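1. Sequence plus predicted model, see below.
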Amino acid sequence: MRYENVCLESIATALPGEVWTSAGIEERLRPLYERLKLPAGRLELMSGIRERRVWPVGTRPSDASAEAGRAVLAKSRLRPEQVELFIHAAVSRDMLEPATASFAHRKIGLPATTQIFDVSNACLGFLNAMTLAAGLIESGQIRCALIASGENGRPLVEQTIRTLLERPLTRNEIKPYFANLTIGSGAVAAVLCHRSLAGPGAHRLLGGEARAATQHSELCQGDTHGTEGLAMQTDSEQLLEAGVALARDTWSAFTIAGGYAPGSFQRFICHQVGSTHRRRLYETLGLDLARDFSTFETLGNTGSVALPATLAAAVDAGAVKPGDRVGLLGIGSGLNCLMLALEW
């Protein structure tokens, strides 16, 4: 993937107001902790996540996606009628049919001329959508696209707490549920366009590399649980090992193809899983942890929203400056890895 004419014109987030702390979740799990003699504070200690946010009960993914979509258009110099493609790229969906993009398209107020569809690829969906839109822009088929993700982790965390309290699980049996308790909610949207529309100070998307390791597709699996809840089980230890190995292979291909040296990136944004995953990733790739910017401490793992929302937070915090080269190090269960380079 190589692009000469694609820019990330604007990016914006929408975050819920309700905050759940790791300590608060553990308090709800007090009967489990007492029965298994688990030490309080282990959730934050093992993940580095102090808190995460959740949408109000009844919030649909399209509601969150649309809120972020309206926010990014408010920042953009481009008008809604210029948007030729809209992609909803979240794990969370309103329903199987129609596409969640249909609901979000209407709520954002995009024109009838906008092509719409959903893209789903676990936590990597937003970056995958960026490459799809970028390819259409680079080939001249469209000039402007809007991508949005709205993730609602509340049903998964709620169902996980119920399961842990209702079932007589052992210490070993609760391990596949641990990752669920790190999940947060949020939304993010971005406008991608041809560089001729981006104006001064355009943020160029340079290109990227992708790799798949689908022999590990069973390490993290989630599905609906009845009519209301969601269920997910993760082999966190094996997922970490396999994910870091895949990232190493992808990074090697990415740097060779792009001619990038590690020192040529002023900032890195990786998928926001937790402190252990971040440390292992940077150690394995031989990257300077000081060049990382993270949000998992206060947002948790927000799925497809996590990486682009962290990029938006880094920009707002002044951690990404004009002229900086930014490496986006994305990974999602499946396993799939996609790394992109931005010139800010």
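-> In hand now; what should we look at? Keep in mind that what you see is a predicted model, and the values were worked out from it rather than measured.

2. ok, now how distant is the residue nearest the centre of the chain from residue 271?
-> For the chain, residue 304 is the residue whose C-alpha lies nearest the centre (CA atoms, centre = their mean; 2.7 Å). Using CB to CB, to the nearest Å, we find residue 304 at a distance of 9 Å from residue 271. Where C-beta positions appear, they are placed from N, C-alpha and C, glycine not excepted.

3. where exactly do the helices run in the chain?
-> Using DSSP state H, the helices of the chain run over residues 22-28, 30-36, 42-47, 61-75, 100-108, 125-138, 154-166, 195-198, 236-258, 275-285, 296-299, 306-316.

4. thinking again about what came up before, if I look at residue 304 and residue 271, which residues touch both of them?
-> 123, 124, 332 (CB atoms under 8 Å, 6 or more residues apart in numbering).

5. Spatially, what comes nearest to the second one if we skip its sequence neighbours?
-> In other words, residue 124. residue 332 (3.3 Å; CB to CB, 6 or more residues apart in numbering).

6. count of residues packed around the one you found?
-> 24 (other CB atoms under 10 Å).

7. so who does it touch?
-> Neighbours of residue 332 in contact, by CB under 8 Å, 6+ apart: 121, 122, 123, 124, 125, 271, 304.

8. Tell me what it is bridged to.
-> On the basis of DSSP bridges, residue 332 is bridged to residue 336.

9. Any figure for the gap between it and residue 344?
-> Distance from residue 332 to residue 344, by CB to CB: 24 Å.

10. do the same with residue 199
-> 14 Å.

11. repeat for residue 209
-> From residue 209 over to residue 344 (counting by CB to CB), the distance is 20 Å.

12. which of the contacts of residue 332 lies closest to residue 45?
-> residue 271 (20.7 Å; CB to CB).

13. who's in contact with the closest one?
-> 123, 124, 277, 301, 306, 307, 329, 330, 331, 332.

14. Could you pick out the buried ones from those residues?
-> Neighbour counting by 16 or more other CB atoms under 10 Å classes 123, 124, 277, 301, 306, 307, 329, 330, 331, 332 among these as buried.

15. mind putting those residues in a markdown table, distance to residue 235 included?
-> Below are the buried ones among the contacts of residue 271 laid out as a markdown table (distance: CB to CB, whole Å):
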| residue | distance to residue 235 |
| --- | --- |
| 123 | 16 |
| 124 | 19 |
| 277 | 14 |
| 301 | 16 |
| 306 | 20 |
| 307 | 22 |
| 329 | 22 |
| 330 | 20 |
| 331 | 15 |
| 332 | 15 |
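
16. Of the residues you listed, which is the nearest to residue 80?
-> Out of those, the member with the shortest distance to residue 80 (by CB to CB) is residue 307, at 25.3 Å.

17. which stretches of the stretch 1-150 of the chain have low pLDDT?
-> Nowhere does the stretch 1-150 of the chain drop to pLDDT under 70.

18. now do the stretch 151-300 of the chain
-> 225-229.

19. neighbour count winner among residue 199 and residue 344?
-> Between residue 199 and residue 344, residue 344 has the larger neighbour count (other CB under 10 Å), namely 19 against 12.

20. Let me know the pLDDT of the nearest residue to that one once chain neighbours are set aside.
-> Nearest residue to residue 344, sequence neighbours excluded (CB to CB, 6+ apart): residue 324, at 4.5 Å. Note for residue 324: predicted pLDDT of 96.

21. isn't residue 324 right up against residue 269?
-> No. The pair residue 324 / residue 269 is not scored as a contact, 11.3 Å apart, by CB atoms under 8 Å.

22. ok, the two, which is more surrounded?
-> Set residue 324 next to residue 269 and count neighbours by other CB under 10 Å: residue 269 wins out with 28 against 17.

23. Okay, that one and residue 243: tell me how far apart.
-> Residue 269 is 16 Å from residue 243, by CB to CB.

24. do the same with residue 259
-> 25 Å.

25. So for these two, which sits in the more crowded spot?
-> Between residue 259 and residue 243, residue 243 has the larger neighbour count (other CB under 10 Å), namely 26 against 7.

26. thinking that one is in contact with residue 334, fair?
-> No. Counting by CB under 8 Å, residue 243 does not reach residue 334; the two are 10.1 Å apart.

27. ok, so what distance separates the residue lying closest to residue 243 once chain neighbours are set aside from residue 189?
-> Leaving aside its chain neighbours, residue 243 sits nearest to residue 331 (5.5 Å; criterion: CB to CB, 6+ apart). Going from residue 331 to residue 189 by CB to CB gives 21 Å.

28. ok, now residue 18?
-> 21 Å.

29. Likewise for residue 62?
-> Residue 62 is 12 Å from residue 189, by CB to CB.

30. Next: residue 289.
-> In terms of CB to CB, residue 289 sits 29 Å off from residue 189.

31. Right, I'll call it a day here.
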